[in-house]
Structures are given as structure tokens and as C-alpha cells.
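> sequence and predicted structure below; questions after.
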Amino acid sequence: MSRTVAVWIGVFVTFLWSSSYILNKLAFNEGISPIMLAGLRYSVAVIVIFILSYFLQRRKNRREQHSTVTKVPETKLKMWHYILLGITGYLMAQGLQYAGQYFISPTQTSMMLSIGNNLFVILLDIIWLREVKSRGIFIGVFGLVVGIILYYYPWHFETGALIGIGLVLLSSIGYSINLMANRYFISNGMAQAKHLVLRPMLIGALFMVFVGLLQAGIPTISLKLWILLLWLGIINGALAFYLWTWIQKTLRAYESSVLNNLVLVQVAVLDVIVLNQSLSILQIIALILLLASVCYVSLEPNLKKLRPKNGTLSS
């Protein structure tokens, strides 16, 4: 696959992710609770990913049937590791994000996620993995703080907005813990990346459905809601996950980072077009500053490698 094709597939995947913010709002209008929506969506996604993985593995096994293949140890993870990943990566990172989005707009949700995810990942990295080596990354953090101050000026918050922002930031804590745990397990040889998808997603989905039942009981699912759930689970969930994993073999790390950050812009545009959200000039400037800051935080390690050494650019 050429890098150009991979980039365009990446743009398509980020568009699917961005459209999820809009589709979630439409689903909320059908009367389903946010956490139940997240639980059902990921239940559908995990079933589709399992079926797809099963057939892909069968095809791979047939190809390797007559060749000598060195077996890789499956995993050293225990059930409590999977429960940790399921709770942090799905019940917290997704369930709380959906709950927060119920109270605030898609643009605000994606913006707070971009800020929260970056800030908490940096904080946990400093405390735990200690992979952050450059102080330059804090330039991007300063830009994030300024951007959020500008976006919410003159800082009049309704109670619902504060609840939504708080829930989204809590979801970022879950995301950050999950990301650090995944890195730790992989770097210490406890698991491969393929072991960290299905089981945690299934556990997280079951937890979210259980919490949704406790919160609002069994939902009434209309035809429109069924279509939204299947689309979110199959297309925006399983298909997007598969395509994103596939193109990572071709894309460079910085290209993936830039593509990821397109979500902030795409959500804002979709919010205006589909949900008639209005943005002031100051908010647009703030979003541009936030996008630049998030990109800088993501790309700073790669930029450092490209800085001149002894008067020449490193190749």
C-alpha cells in the first residue's frame, strides 16, 4: 500500500470517528442513556471484531500449516489485568465520555478530550514510565491552557456544562491509565498488542451495559436507534478499528498523530453543519490554537529528531 493511500484511509477513519460525536447526540434524542449507548455500541463492535479476527486467523493458520513457525507465548496477563484495562479503557474512557457528551456539545467534548488526554498522559508518563525527555513539550501544554481559556471566555458556565466537562476529564484519566498500562504490558513482554483488544473491550462493554441497566433500566430501542447502534458498532467501531490498525504498518508515527488530531477540526465542522452549533470568532481562534498545541505535543518527540546536528539536518 502506498503512503498516500494510507493517509487518505486515515482521513476517512478519523471522519468516521468524528461523525460518532454527532450520531451519539442523535441517539440520545431517542431516549437511551449515554452509558447504555456506549455499552451496546461496544458489544456490537466486539462481536464483529471477534468474527473478523476468527476468519483472518483461520486463513493465516492455513497458510502456515506446512511451514515451521516459532510459537510466541500467548500472554502473561491475568484476569485482573484485563478487568483493569476494561474498566479504564471502556467504562471510564468511553462510558464517562458519553455521559459527559450528554451535557455538552460535540465540539466541546472533542476539545476537552484532546486537552485532557494529552495532559493526563504527560502527567502519568512523568510519574510512571518517564518517557518524556524534553521540556519543550510544555510549550504545547501552555498553548492548550491558553486555548481553553479563550474558548470559554467570558467563563459563564451552566451547571450542566460543568458536569459534562468534569465527566469528560474523568474519562481522560481512564484513557491515560489504560494507555500507560498497555505500554507497560507490551514493553515488559507481558502481552502483544493483539491481546489487549477483545477481552478488555468485552469486559468494558459488559460493565457499561450493567451500569446502564442500573441507571435507567432496559431501554426501548426504536428502529432509528437500532440503525444508529449497528452503524456505530460495525462501521464507526469495528471497520474503523480494522482500517486504522491496517494502515499503521505503512504510516509513520507522526503521520498517525496528525491524522488523529484531525478529529478536533472535523467534529467542529460537523457540529456546525449538522447540529447548527454556532462558533464565535474567538472560539474559532481558540480551536486553531488548541489544534496547533495538540499537534505540537504529539509531534514534539519527532521534531526533536529533525533538529540540526553540527550544522546539518539529520537524514
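Great, that's in hand. Numbering: from 1, shown residues only.
> check the offset of the helix or strand that contains Asn24 from the chain's centre.
When secondary structure is defined by DSSP states H and E, Asn24 falls within helix 3-28. Distance of helix 3-28 from the chain centroid (C-alpha atoms, centre = their mean, to the nearest Å) equals 11 Å.
> list the buried residues in it.
Of the residues in helix 3-28, those buried under the neighbour-count criterion (16 or more other C-beta atoms under 10 Å) are 6-7, 9-10, 12-25, 27-28. In this view, the C-beta of every residue, glycine as well, is placed from N, C-alpha and C.
> now whichever helix or strand comes after that helix against helix 3-28, angle please.
Downstream of helix 3-28, the next assigned helix or strand under DSSP H and E is helix 34-63. Our comparison of helix 34-63 with helix 3-28, counting by axes from the mean of the first three to the mean of the last three C-alpha atoms, to 10 degrees, yields an angle of 140 degrees.
> which helices and strands does whichever helix or strand comes after helix 34-63 pack with?
Toward the C-terminal end, the helix or strand that comes next after helix 34-63 (DSSP H and E) is helix 79-86. The contact analysis (3 or more C-beta pairs under 8 Å, 6 or more residues apart in numbering; DSSP states H and E) places helix 79-86 against helix 159-187, helix 198-216.
> in the shortest one, what's buried?
Across helix 198-216, burial judged by 16+ other C-beta under 10 Å covers 199-209, 211-212.
> so what's the gap between it and the chain middle?
Put simply, helix 198-216 sits 18 Å off its chain's centre (C-alpha atoms, centre = their mean).
> what's the answer for the first one, then?
Helix 159-187 sits 10 Å away from the centroid of its parent chain (C-alpha atoms, centre = their mean).
> mind listing what's buried along that helix?
Residues 161, 163-165, 167-183, 185 are the ones in helix 159-187 that count as buried (16+ other C-beta under 10 Å).
> show me where this structure dips below the pLDDT cut-off.
Counting by pLDDT under 70, the chain contains low-confidence residues at 64-74, 129-135, 253-254, 300-315.
> could you redo the last one with a cut-off of 90?
When residues are selected by pLDDT under 90, those of the chain lie in 1-4, 6-7, 52-77, 114-161, 179-180, 182-197, 241-242, 244-265, 277-279, 290-315.
> list the contacts for Gln221?
Wrong residue type there; residue 221 is Ile, not Gln. Remark: with contacts taken as C-beta atoms under 8 Å, 6 or more residues apart in numbering, Ile221 is in contact with 30, 32, 229.
> show me what the helix holding Asn24 is packed up against.
Contacting helix 3-28 under the criterion 3+ C-beta pairs under 8 Å, 6+ apart are the following elements: helix 34-63, helix 97-101, helix 106-124, helix 223-230, helix 240-247, helix 253-275.
> how many neighbouring residues does the closest residue to Leu167 other than its chain neighbours have?
In space, Leu167 comes closest to Gly100 once its chain neighbours are excluded; the distance is 3.3 Å by C-beta to C-beta, 6 or more residues apart in numbering. Each residue near Gly100 was counted by other C-beta atoms under 10 Å, and the total is 25.
> next one: Gly100 from Ser172, what distance?
10 Å (C-beta to C-beta, to the nearest Å).
> also Pro106?
Going from Pro106 to Ser172 by C-beta to C-beta gives 16 Å.
> same question for Trp128.
Going from Trp128 to Ser172 by C-beta to C-beta gives 16 Å.
> now Thr14
Remark: distance between Thr14 and Ser172 (C-beta to C-beta) = 19 Å.
> distance from stretch 28-47 to the middle of the chain?
Taking C-alpha atoms, centre = their mean, the mean C-alpha location of stretch 28-47 is offset from the chain mean by 16 Å.
> what's the answer for stretch 148-155, then?
For stretch 148-155, the gap between its own C-alpha mean and the chain's C-alpha mean amounts to 24 Å (C-alpha atoms, centre = their mean).
> got the buried residues for that stretch?
By 16+ other C-beta under 10 Å, the buried positions in stretch 148-155 come out as 148, 151-152.
> now do it: everything it contacts.
Contacts of stretch 148-155 with the rest of the structure, by C-beta under 8 Å, 6+ apart, involve 111, 115, 282-283, 285-287, 289-290.
> just the buried residues from these, in ChimeraX please.
Paste this into ChimeraX to select the buried members of the contacts of stretch 148-155, with burial taken from 16+ other C-beta under 10 Å:
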select :111,115,283,286,287,289,290
